[in-house]
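A.B. asks: Everything below, folded, please.
(3 chains)
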Amino acid sequence: MTWYVACLSGDLRRKPVARMIDGTPLALFRDGAGVAVALLDRCPHRNVPLSYGTVEQGLLQCCYHGWRFDGAGACRAIPGLAAGAETDKRARRAEAFPTAEHDGFVWVQTDTSPANGAGPYRFPHVEAPGYTTVRKHVRFSAGLHACLENTLDVPHTAFLHGGLFRGNREPVEIEVVVRAIADGVEAEYLGEPRPEGLAARILAPEGGVLTHFDRFLLPSVAQVEYRLGENHLVNTAAFTPVSEFETDLHAAITFHLRMPHAPVRAAITPVVNRILHQDSVVLRRQSEAIQRFGGEQFASTELDVLGQHIRKLLRQAERGESPAPGETTEVRRVTMRV
Amino acid sequence: MTWYVACLSGDLRRKPVARMIDGTPLALFRDGAGVAVALLDRCPHRNVPLSYGTVEQGLLQCCYHGWRFDGAGACRAIPGLAAGAETDKRARRAEAFPTAEHDGFVWVQTDTSPANGAGPYRFPHVEAPGYTTVRKHVRFSAGLHACLENTLDVPHTAFLHGGLFRGNREPVEIEVVVRAIADGVEAEYLGEPRPEGLAARILAPEGGVLTHFDRFLLPSVAQVEYRLGENHLVNTAAFTPVSEFETDLHAAITFHLRMPHAPVRAAITPVVNRILHQDSVVLRRQSEAIQRFGGEQFASTELDVLGQHIRKLLRQAERGESPAPGETTEVRRVTMRV
Amino acid sequence: MTWYVACLSGDLRRKPVARMIDGTPLALFRDGAGVAVALLDRCPHRNVPLSYGTVEQGLLQCCYHGWRFDGAGACRAIPGLAAGAETDKRARRAEAFPTAEHDGFVWVQTDTSPANGAGPYRFPHVEAPGYTTVRKHVRFSAGLHACLENTLDVPHTAFLHGGLFRGNREPVEIEVVVRAIADGVEAEYLGEPRPEGLAARILAPEGGVLTHFDRFLLPSVAQVEYRLGENHLVNTAAFTPVSEFETDLHAAITFHLRMPHAPVRAAITPVVNRILHQDSVVLRRQSEAIQRFGGEQFASTELDVLGQHIRKLLRQAERGESPAPGETTEVRRVTMRV
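C.D. replies: From the prediction side, this is the model:
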């Protein structure tokens, strides 16, 4: 049971929404009770994608012959059938997928792996009092691992995003501790003085040393957390594999600060958009080369603190193996100039 | 000997016309006598498509070195050859295909199946006195069967083309009789009151019950015929397979009405264009899903009165089997709400 | 050791240049001494193409994490590494290719065939006193052989480029002598009166009979040479295979004339551009047909004086066989109307 985010709650209104999760095309819509539901995006009749249709009285209506389906995939109407004829037969049902919605995101479970009882991941602090959340959706032209590593990679920030977050002062050497954690791996950055960029200045107006964690959590969550005194900012990115070289990012940037939140939100949104655009461009270029050369050929250094751990965890999950036990274990320490 | 329409007569003038029939690229042109002819669209010399060339004195001249070919594919000129040198050798001939022209359409026979003596299909009533014909050419992004079924499908008309032909009043139940006929299959719709759309109002200004036949005729003709008293309208669509998901429609909409034909022609042309556009969009969407899922997976109802018969006849024809004998046989009866 | 032109010297300035040679993507740049160098266009770290980066102090800097490489491919900087950590390890090196620059062109050697001691081809007369050179770069959508044959083909000039060079007067019969030469094949055109086009008028204002050679030289040079008295014009086209249906042309049109060179240069540039455009269009059409039919199927005549010799020499070179010995041998004589 792997849950992935399909779309933002706010993107699913009156019209159906088409999404692809790991090669499975979906038509999402809200049923009569407003509950988000997901059907395979193919009308059982003549295979036209249901997402081109409309939502009528909580049913998804195909645009070709007007067949209507409920949230469980049952066929509820076939225009033209004689009065009293049965509409819902097994072959006329659209496949439905388990769906859940919370924290402003719609999650779908498309794979057929055995249930493990766990529901979708909960974005932390989104519902907590005193926190504000900015939500984003971006499509990256890159595979899941490349996106996860990019999100949790520190060295590229001073360079690719130079001036936006890091990169404005002489680098200093800090220590990074990598730990195995429940369902994932984390890196803690010890002793990094506050960077000079706008986002960091908002978090720590008077400077100081940040508490900074980067985390990967199965199946596909990348999380960056900063604290300084009462100030707290968590960027949680839930990635959704679309195809081999396409991945959707759905992120919640959640913060609790001493200063007023509205101007902070207004100030950081263009910075976030700029950073996402720069990452999007470089990830597309990376995919271009990987496809042109017929595969990856990476040379890593000790600065690539999480990439190989993420790859190992993704492969274990693919093989259906259980992740590491819940106890936190230190894996290694690295010196990094930031 | 399978004949398909290559182009409208009116589209073949001074310039050569490029067409693809079932994967075979053709260059069509008019020879010195104005006769439509068709050559394989590849110069035997350096393989540039001949259709990029020009017609000079009834010969098709390649745009690269100026070689010229007659309608039988013989090479008649090679600029640069010494005086007296032979131009026409076996390897220098362009393959020519049997071609015929009547009713305003140019037909070509590209396959190598054995001759059965039959020429191309004749569009009925086109040459009959008192009839007017509107001709159309549309390229659909869909396979042959999907296009044929779409043309002969009644239930989608009230829905996809809602208001243009059917769909403006409460549906009534009518009976449909399906019959095997010579070289095909037909459906007769019994007792349908005149629909409310413009086209139906023109056909039957005072209302009444239509005589309505839908027919499929091998290899690829879909025909819809309406009669009410003296008024008569036949839409004959001759489809040409281009590639797996591309099909050309060449249609003759032929009518004989009590009212003046010129304003009718002016009034129905935009309606026909709108209907063809709506079908074109939905067929492209259908192809998109079929390609994405790696094949069709259709669930049919009794309302899909002709689709499966058409598929069976197409498959028999592909295997070279003779179609059903010429006697008309009732196959089944269906109740449909229209 | 096969050398191909990668780019014009003038196109390689402050920014890196991306080129593909025979399927190998390259990032070209100038090192600290201004020397043109070529690296495999893939950062060893995370595989982003290096050509998207920048040149910093003679080093090529990747746009993602800022790794820097010298002209030999050694990794010289990895931002973030602790002070004193080694940057250059075997796995972190970018593959470098032998590069040379002269006559205004940058050459690269990408294959792994054994060295034969020969450097890249030298464009003749480019450095000679009294000569002027116009340099061109064009990407053709066609394979190497098709481009070579096109450049050295006489009959298409009167037709495809009609009026620009040949094709303005009644053709006359001349004799063509084909000879095997060192590393190639040449055709000498005997007794052609000066054509009427602008280029020919510049070369021979008072008319007369041209001395005219067409040459193919391994691995990929096509050369057309005209002389009349003191007037001399050589068009040398060095082709670079890019992919199966893409080929780069880098040409030096070099001339020595009795009239002032500046106005000649101004006058022939648009003519050259027009001829290259016409060839580009017809070659793309040819490729289109070859791909559509799954391969070439050519019928040649005695007018195709060099095409088959070029093909044979290219195939020998591919198999690593030595070309014909250096002595010039007459192969055949052809009569051609030009």
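A.B. asks: Going by C-alpha atoms from here, please, whenever you check contacts or count neighbours.
C.D. replies: Noted.
A.B. asks: So for stretch A:195-215, mean pLDDT?
C.D. replies: Mean pLDDT, computed over stretch A:195-215, is 86.
A.B. asks: Grab the nearest non-local neighbour of residue A:70.
C.D. replies: Nearest residue to residue A:70, sequence neighbours excluded (CA to CA, 6 or more residues apart in numbering or on different chains): residue A:59, at 4.8 Å.
A.B. asks: Give the burial count for that neighbour, as a bare number.
C.D. replies: The tally of other residues near residue A:59 (other CA atoms under 10 Å in any protein chain shown) stands at 22.
A.B. asks: same thing with the one 10 residues further on?
C.D. replies: Burial of residue A:69, expressed as a neighbour count using other CA under 10 Å, amounts to 27.
A.B. asks: pretty sure it is touching residue A:78, no?
C.D. replies: No - counting by CA atoms under 8 Å, residue A:69 does not reach residue A:78; the two are 9.7 Å apart.
A.B. asks: quick revisit: what sits against the residue nearest to residue A:70?
C.D. replies: Neighbour list for residue A:59: A:31-32, A:68-71 [criterion: CA atoms under 8 Å, 6 or more residues apart in numbering or on different chains].
A.B. asks: Give me the buried entries from those residues.
C.D. replies: Burial by neighbour count, judged by 16 or more other CA atoms under 10 Å in any protein chain shown, picks out A:31, A:68-71 from the contacts of residue A:59.
A.B. asks: Looking at the residues you listed, spot the one nearest residue B:125.
C.D. replies: residue A:68 (40.9 Å; CA to CA).
A.B. asks: Show me which parts of stretch A:158-175 are buried, residue by residue.
C.D. replies: In stretch A:158-175, counting by 16+ other CA under 10 Å, buried: A:158-161, A:163-167, A:171, A:173-175.
A.B. asks: hang on, the earlier thing: closest to chain B out of the buried ones among the contacts of residue A:59?
C.D. replies: When the buried ones among the contacts of residue A:59 are compared for distance to chain B (CA to the nearest CA), residue A:68 wins out at 12.3 Å.
A.B. asks: neighbours of the spatially closest residue to residue A:46 that is not a sequence neighbour, just the number please.
C.D. replies: Among residues not flanking residue A:46 along the chain, residue B:298 sits closest, at 5.3 Å (CA to CA, 6+ apart). The tally of other residues near residue B:298 (other CA under 10 Å) stands at 14.
A.B. asks: following the helix or strand containing residue A:138, which helix or strand shows up next?
C.D. replies: In the assignment (DSSP states H and E), residue A:138 maps to strand A:132-140. Under the assignment DSSP H and E, the closest C-terminal helix or strand after strand A:132-140 is helix A:144-151.
A.B. asks: what inclination does that following helix have with respect to strand A:132-140?
C.D. replies: 140 degrees (axes from the mean of the first three to the mean of the last three CA atoms, to 10 degrees).
A.B. asks: Only C-alpha atoms, please: export helix A:144-151 in CSV.
C.D. replies: Taking Å, rounded to 0.1, in the frame of the first residue of the first chain, the C-alpha atoms of helix A:144-151 are listed here in CSV:
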residue,chain,number,x,y,z
LEU,A,144,12.1,10.2,-8.3
HIS,A,145,15.6,9.7,-6.9
ALA,A,146,17.0,12.7,-8.7
CYS,A,147,14.3,14.9,-7.2
LEU,A,148,14.7,13.6,-3.7
GLU,A,149,18.4,14.0,-3.7
ASN,A,150,18.1,17.5,-5.2
THR,A,151,15.7,18.6,-2.4
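A.B. asks: Contacts for the helix or strand following that helix next, please.
C.D. replies: Following helix A:144-151 in sequence order, the next helix or strand is helix A:155-160 (DSSP H and E). If you take CA under 8 Å, 6+ apart as the criterion, helix A:155-160 is touched by A:165-168, A:278-279, A:303, A:338, C:63-66, C:79-80.
A.B. asks: next one: stretch A:271-287
C.D. replies: A:138, A:140-143, A:146-147, A:150, A:160-161, A:164, A:199, A:245, C:46-49, C:63-64.
A.B. asks: now stretch A:189-201
C.D. replies: So stretch A:189-201 is contacted by A:163-169, A:172, A:174-177, A:204, A:207-213, A:268, A:271, A:338 (CA under 8 Å, 6+ apart).
A.B. asks: Where does pLDDT dip in chain A?
C.D. replies: A:113-117, A:323-326 (pLDDT under 70).
A.B. asks: how much distance is there from the longest helix along it to the middle of the chain?
C.D. replies: The residue-count maximum for a helix in chain A (DSSP state H) belongs to helix A:261-293. With CA atoms, centre = their mean, to the nearest Å as the basis, helix A:261-293 stands 14 Å off its chain's centre.
A.B. asks: so after that helix, what's the next helix or strand?
C.D. replies: In N-to-C order, the element after helix A:261-293 by DSSP H and E is helix A:307-318.
A.B. asks: Okay, angle between that following helix and helix A:144-151 too, please.
C.D. replies: Going by the same axes, to 10 degrees, helix A:307-318 makes 140 degrees with helix A:144-151.
A.B. asks: for helix A:307-318, which positions count as buried?
C.D. replies: For helix A:307-318, by 16+ other CA under 10 Å, it's A:307, A:309-311, A:313-314, A:317.
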